[in-house]
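[1] Return a 3D structure for these sequence lines:
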Amino acid sequence: MSEEPVLFGGFAHESNTFATDSTTRTDFSVHEGSEIPETFRGTNSVAGGVCATADREDLDVAWTYLARAEPGPVLSSDAFEHHAGRLVAAVETHADSVDGVVLSLHGAMATDTLDDAEGELLGRVRDVLGPDVPVAVTLDLHANVSEAMVERADALVAYRTYPHVDVGETGERATRLLAETMRGDLDPTTRLERPPVLPMGPLQNTRDGPMAEVMARARDLESRPNVRLVNVLPGYHMADSPVMGFSVPVLADDDPAAAREAARDLAAFVWERRESFVADLPGPEEGVRRARELVAEGATADGPVVLADTGDNPGGGTAADGTTVLRAMLDQGVTNAGFAIVRDPAVVAECAAAGVGERLTVDLGGKTDDAHGEPVRDLTGYVAAIADGRVENTGPMLTGIVREFGRTVRLQCGRDESVTVLVTENRVQPYDAEVFRHVGVAPERLDVVAVKSNNHYRADYEPMASHVLPLDTIGLRPPDPRTPTFERVRRPVFPIDAMADGDYPDW
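    Next comes the predicted model:
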């Protein structure tokens, strides 16, 4: 079989419209050309999945432009135009020589002028390619899918897991569907349904609970004739825009009716279970108190109690310098504990100037805004280690990807100086336990581990934990969608609005 030419590129960001400031062009890491397969081959990433499938399917990939940034504020128009322009220019260069395109997007990118940045980007790509070149798009499970995205892509292929442990598999699925479309073995058609439900962040966990049931139902629906792919996207709630919300895009083979029926059936399945997507979570003080009780009861013989600071999750665009959980741990005298992370470049600099082994007193965290708690003032501790913060993920999520925390300080403080706080220069979600090990701490030997994360921490920490306690904490990624003040989302939507059984569906 002769090799079939395809193009790969990407531009991804999860944009928190409630965050201050903006994401600029320099906030993105960029890989171009052959650097893409050299960096990502063999990793659990979309590009890694494309590499693996291209080898199996005998595809000749034109590796073009891949830009990604940590979740954060909306993009400046300059940032969007720069990176979108580079990607579209690469598509234009290869437009006459490729039979298909795979794009790695997020699905919840917004700018200071665009609610639906991916819809705009796909429109520009489609203008270059014309209507006949198939385009497959990978999406994060937290994409806010728009009608424009559905119309301008031949296949939308979303992660199926949260934590996102199937990122590489998603790249593989998208590339296989593209290859089938190029060869005439698939005539993709997609229909979109939007159940008016916003699940609480921790309850979007696909390993158990209501979301696990929804994902199992989606797989069942894929056994129907001509139904090829049932996507389930609970949406990214920190986007105050009309495109925000739960979406069910279903892809069928030349059968719009089958796609529509499956999308409606799954949307109704979600609607019927809407009450199960809401729960009461403990706050910081109650959560830490429960952790101490579990330690006293001997539960940690089976592993640490893991606390999740969900409101200050940098993976959702927050400051990563929130202090409410750490303050509760210090006030309640927790020992043999670890806390990841507090982003505080000023304290990192102070610790580096003092040197390893030195004691000092600092005001830690709470410096970015007034949404994540006051600084922990006059905190005394000693510098146990300083590392470069280049951490390669060894857990199940994005395995093999190197993440840049910037200089990272292991600060020992609290009762008996037995609380390890990881202070970093950069704002990165600490979902992989390697962040502790790279400064000499074995997290599985701690009694209490606190991480700033919504659900991703479960992939690596849950297997070692005796208990996992997600906490309702303040910050710009609150777990409850009723917390933010929305002005532009589609209403009514549960649980923000009271809705009766008959309020949906309205077909």
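
[2] What residues of the strand ranked longest in the chain count as buried?
    Using DSSP state E, we find that the single longest strand of the chain is strand 376-387. Within strand 376-387, the residues scored as buried using 16 or more other Cβ atoms under 10 Å are 376, 379, 381-387. Just so you know, the C-beta spots here come from the backbone N, C-alpha and C atoms, and that holds for glycine as well.

[3] Including pLDDT and distance to residue 503, could these go into a markdown table?
    Output for the buried residues of strand 376-387, formatted as a markdown table (pLDDT from 0 to 100; distance: Cβ to Cβ, whole Å):
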| residue | pLDDT | distance to residue 503 |
| --- | --- | --- |
| 376 | 98 | 46 |
| 379 | 98 | 50 |
| 381 | 97 | 54 |
| 382 | 97 | 58 |
| 383 | 98 | 57 |
| 384 | 98 | 56 |
| 385 | 98 | 55 |
| 386 | 98 | 56 |
| 387 | 98 | 53 |
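
[4] Which two among the residues you listed are spaced furthest apart?
    376 and 387 (21.7 Å; Cβ to Cβ).

[5] Could you dump the buried residues of strand 376-387 into a markdown table with distance to residue 116 added?
    A markdown table is the format used below for the buried residues of strand 376-387 (distance: Cβ to Cβ, whole Å):
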| residue | distance to residue 116 |
| --- | --- |
| 376 | 40 |
| 379 | 43 |
| 381 | 46 |
| 382 | 50 |
| 383 | 46 |
| 384 | 47 |
| 385 | 44 |
| 386 | 43 |
| 387 | 40 |
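
[6] isn't residue 444 right next to residue 464, touching?
    Yes. With contacts counted by Cβ atoms under 8 Å, residue 444 reaches residue 464, the gap being 4.4 Å.

[7] Point to the residue nearest the middle of this structure.
    With the centre of the chain defined as its mean C-alpha position, the nearest residue by Cα atoms, centre = their mean is residue 315, 5.7 Å away.

[8] so what's that residue closest to, chain neighbours aside?
    Take residue 315 and drop its neighbours on the chain: the residue closest to it by Cβ to Cβ, 6 or more residues apart in numbering is residue 429, 3.5 Å away.

[9] Surely that neighbour and residue 310 touch.
    No. Using Cβ under 8 Å, residue 429 is not in contact with residue 310; the gap is 11.3 Å.

[10] who touches both of the two?
    residue 453 (Cβ atoms under 8 Å, 6 or more residues apart in numbering).

[11] For the two, indicate the residue with more neighbours.
    In terms of neighbours (other Cβ atoms under 10 Å), residue 310 is the more surrounded of residue 429 and residue 310; the figures are 28 against 24.

[12] residue contacts, the closest residue to that one other than its chain neighbours?
    Nearest non-adjacent residue to residue 310, counting by Cβ to Cβ, 6+ apart: residue 479, 4.4 Å away. By Cβ under 8 Å, 6+ apart, residue 479 lies in contact with 200-202, 281, 310-311, 454, 470, 472.

[13] Kindly indicate which of these lies nearest residue 145.
    Closest to residue 145, out of all of these and judged by Cβ to Cβ, is residue 201, at 18.2 Å.

[14] residues near that closest one, how many?
    As a burial measure, residue 201 scores 27 neighbours (other Cβ under 10 Å).

[15] show me where the stretch 351-500 of the chain has strands.
    Ranges of strands in the stretch 351-500 of the chain, per DSSP state E, counting those that start in this stretch, are 359-364, 376-387, 390-392, 402-404, 408-413, 419-424, 448-451, 467-471.

[16] which one of those is the most hemmed in?
    strand 448-451 (a mean of 28; mean count of other Cβ atoms under 10 Å).

[17] what residue ranges in the protein score low on pLDDT?
    Scanning the chain for pLDDT under 70 picks out the ranges 1-2, 507.

[18] Show me how it divides into domains.
    Recorded structural domains for the chain (assignment: automatic domain parsing) are 1-185, 187-278, 284-471.

[19] Walking through the protein, point out its helices one by one.
    Here the chain has its helices, by DSSP state H, at 35-40, 46-57, 77-94, 117-129, 147-152, 167-182, 209-221, 256-272, 284-296, 324-331, 345-354, 434-437, 457-461.

[20] so what does the second one touch, helix or strand wise?
    The elements that helix 46-57 packs onto, with contact taken as 3 or more Cβ pairs under 8 Å, 6 or more residues apart in numbering; DSSP states H and E, are strand 4-12, helix 35-40, strand 59-68, strand 100-104, helix 167-182.

[21] repeat for the fourth one
    Applying 3+ Cβ pairs under 8 Å, 6+ apart, one finds that helix 117-129 makes contact with helix 77-94, strand 100-104, strand 135-139, helix 147-152.

[22] In a markdown table, list the contacts of residue 479 along with distance to residue 395.
    Formatted as a markdown table, the contacts of residue 479 follow (distance: Cβ to Cβ, whole Å):
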| residue | distance to residue 395 |
| --- | --- |
| 200 | 24 |
| 201 | 20 |
| 202 | 19 |
| 281 | 24 |
| 310 | 19 |
| 311 | 23 |
| 454 | 16 |
| 470 | 18 |
| 472 | 25 |
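
[23] ok, residue 251 to residue 174 distance?
    Per Cβ to Cβ, to the nearest Å, residue 251 is found 11 Å from residue 174.

[24] between the two, what contacts are shared?
    residue 155.

[25] re earlier: for the helices and strands packed on helix 46-57, state which one has the densest average packing.
    Of all those, strand 100-104 carries the top mean neighbour count, a mean of 27, counting by mean count of other Cβ under 10 Å.

[26] packing partners for it?
    Checking 3+ Cβ pairs under 8 Å, 6+ apart, strand 100-104 ends up next to strand 4-12, helix 46-57, helix 117-129, strand 135-139, helix 167-182.

[27] Quick one, which of the ones you listed gets closest to residue 421.
    Across the helices and strands packed on strand 100-104 (criterion: Cβ to Cβ), the nearest stretch is helix 167-182, sitting at 29.4 Å.

[28] and the closest one, what other elements does it pack with?
    When contacts are defined as 3+ Cβ pairs under 8 Å, 6+ apart, helix 167-182 sits against strand 4-12, helix 46-57, strand 100-104, strand 135-139, strand 155-158, strand 227-230.

[29] now the angle from the longest one to strand 135-139?
    This points to helix 46-57. 140 degrees (axes from the mean of the first three to the mean of the last three Cα atoms, to 10 degrees).

[30] Helix 46-57 vs strand 59-68, what angle?
    180 degrees.
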